[in-house]
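Peer 1: Return atomic coordinates for the entry below.
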Amino acid sequence: MKYELGPLEAELIFTLERKGVTAFTVDDARDLLKASDETLWRVLHKLTRKGRIQRIKRGYYALVPARAGYQPKWREQAYTFLEEMLEEYYVGYWTAMSHWNMTEQTPRTVFVATTNRNRGFVYDDTVPILFVTLNPRKLYGWVYAAAGGHRFRVSDPEKTVVDSMDLPQHSGGIPEAAKSLHFNLDWDKVIEYTDRLGNRTVHKRLGYLIQLLDIDAPSHIHRHLKAGISSGYGWLDPTAPKEEHERDATWKLKINVPKKALRS
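Peer 2: Here you go, the predicted model:
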């Protein structure tokens with residue numbers, strides 16, 4: 001395959017690099033090149049084949065910077081273009097746990113919380129991007145971080161904990177999510193976020209795990225969580241088989257994960 005760039009291909013690539021663009025749309029490329037649709041699609045197709053741009057979803061492309069050379073499998077960390085691609089979002093769940101070193105695991109999937117329904121896709125044929133659609137009232141508790149010279153939004157440690165207890169299916173299950181409780185957390189912020197979320201089962205899971213794992217949390221945290229639970233029983237881990245090992249009357253939970261797995 002020839003890797004030389006044609007005039008329009010070079011113009012698009014060099015203009016994007018000069019502007020510091022990570023991701024761009026078809027409309028962006030059209031505005032830059034002032035070319036017909038037929039010519040535009042030909043340029044995009046050739047650049048994709050040459051490994052200079054990568055299609056990330058319909059209508060969106062990621063630029064492969066010049067420093068990557070001509071390695072067709074090169075990629076930045078997949079979430080570096082999210083700031084340009086989305087308006088309301090943050091990287092969360094298992095990906096955020098990995099970012100904050102709450103887990104030794106590096107999840108293959110990038111989990112992204114957003115208020116708009118987006119279809120997931122596989123970036124560079126290797127990295128699945130999964131969008132978790134949230135009610136706008138749940139999109140809080142994020143900070144900016146940096147990767148690959150670009151900034152992106154990620155849930156802060158306390159929101160990462162709360163989100164993982166809310167939707168453990170996006171955090172490797174409860175045994176994996178439980179690891180986040182060993183992080184140096186602001187427990188008052190955890191309580192604030194938990195109340196704001198509005199899911200009483202999160203109070204139950206947090207209270208049960210803090211007690212089981214002997215987490216060093218202030219005593220008023222235990223009392224607050226206990227006061228916030230509902231009377232009905234919920235599953236400790238919705239991702240695990242619905243087989244009760246026991247029922248915890250204190251936290252109103254059906255325990256379907258061996259305690260050994262949680263403690264380990």
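
Peer 1: ok, residue 113 touching residue 139?
Peer 2: Yes. Between residue 113 and residue 139 a contact is recorded at 6.4 Å, counting by CB atoms under 8 Å. Quick note: C-beta positions are derived from backbone N, CA and C, even for glycine.

Peer 1: Of these two, which one has the most company?
Peer 2: Set side by side, residue 113 and residue 139 show more neighbours around residue 113, with 26 against 18, by other CB atoms under 10 Å.

Peer 1: circling back: mutual contacts of residue 113 and residue 139, please.
Peer 2: Residues touching both residue 113 and residue 139 by CB atoms under 8 Å, 6 or more residues apart in numbering: 89, 90.

Peer 1: Could you find the closest non-adjacent residue to residue 195?
Peer 2: residue 228 (6.8 Å; CB to CB, 6 or more residues apart in numbering).

Peer 1: Contacts only, for the one you found.
Peer 2: 194, 195, 200, 203.

Peer 1: In this structure the first one contacts residue 205, no?
Peer 2: It refers to residue 194. No. At 9.9 Å, residue 194 and residue 205 do not qualify as touching, with contact defined as CB under 8 Å.

Peer 1: got any residues that touch both of these two?
Peer 2: residue 165.

Peer 1: Make CSV from the contacts of residue 228 and add neighbour count to it.
Peer 2: Shown next, in CSV, are the contacts of residue 228 (neighbours: other CB atoms under 10 Å):
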residue, neighbour count
194, 26
195, 14
200, 15
203, 23
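
Peer 1: Mind checking which of those land in strands?
Peer 2: Among these, none falls in strands (DSSP state E).

Peer 1: Run through the chain and note the low-pLDDT ranges.
Peer 2: In the predicted model, the chain carries pLDDT under 70 at residues 1-3, 65-77, 124-125, 148.
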